[in-house]
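Q: What shape does this take:
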Amino acid sequence: QVQLAESGGGLVQAGETLRLSCAASGDIFSSYAVGWFRQAPGEEREFVAAISRSGTAAKHANSVTGRFTISRDNAKSKVYLQMNSLKSEDTAVYFCAAVKAGVGWLSSSRQGYTYWGQGTQVTVSS
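A: Down below sits the predicted model:
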């Protein structure tokens with residue numbers, strides 16, 4: 001199994017940038033597909049981005065396409081979420097999630113992931 005820890009959240013103004021990190025430990029990280037999800041107060045947890053275990057395939061939610069980019073460094077056992085041009089509606093707790101997966105596999109469904117981090121708060125003021 002794998003343990004996940006998010007970092008990099010904070011309070012920023014609209015239009016600014018943050019980079020979130022998801023650090024993994026406990027297993028061979030390159031065997032896992034990873035997703036980022038977010039949850040605003042009173043809302044369902046929603047898909048943000050996902051990346052396959054090798055990093056050759058990635059998917060982003062329509063709401064963040066062109067602003068957010070997911071990437072990974074398997075040598076460091078980390079996945080990143082680069083967030084540019086942040087908006088107030090991006091305010092949420094951001095979670096990374098992982099699942100042991102086949103080549104090229106990724107998912108935008110919460111149910112597709114087995115392991116979850118504790119989350120990191122992102123607050124964007126307008």
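
Q: In contact with the residue nearest to the spatial centre of the chain, which residues?
A: Relative to the mean C-alpha position of the chain, the nearest C-alpha, by C-alpha atoms, centre = their mean, is the one of Trp36, at 2.4 Å. Residues in contact with Trp36, defined by C-beta atoms under 8 Å, 6 or more residues apart in numbering, are 20, 22, 48-50, 70, 79, 81, 94-97. In short, each C-beta sits where N, CA and C put it, glycine included.

Q: Show me which of the residues you listed is closest to Ser30.
A: Of all the contacts of Trp36, Ser30 sits closest to Val79, with 11.3 Å by C-beta to C-beta.

Q: does the closest one have beta-bridge partners, and which?
A: Assessed by DSSP bridges, Val79 has beta-bridge partners Cys22, Arg72.

Q: Filter the contacts of Trp36 down to the ones in strands?
A: Secondary structure of the contacts of Trp36 is defined by DSSP state E; positions in strands are 20, 22, 48-50, 70, 79, 81, 94-97.

Q: Only C-alpha atoms, please: export stretch 119-126 in PDB.
A: Once non-C-alpha atoms are left out, stretch 119-126 reads as follows in PDB (Å, rounded to 0.1, in the frame of the first residue of the first chain):
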ATOM      1  CA  GLY A 119      -5.800  17.200   2.000                       C
ATOM      2  CA  THR A 120      -4.300  20.700   1.800                       C
ATOM      3  CA  GLN A 121      -6.400  23.900   1.900                       C
ATOM      4  CA  VAL A 122      -6.300  26.300  -1.000                       C
ATOM      5  CA  THR A 123      -8.000  29.700  -0.400                       C
ATOM      6  CA  VAL A 124      -8.200  32.200  -3.200                       C
ATOM      7  CA  SER A 125      -9.400  35.700  -2.300                       C
ATOM      8  CA  SER A 126     -11.000  37.900  -5.000                       C
END
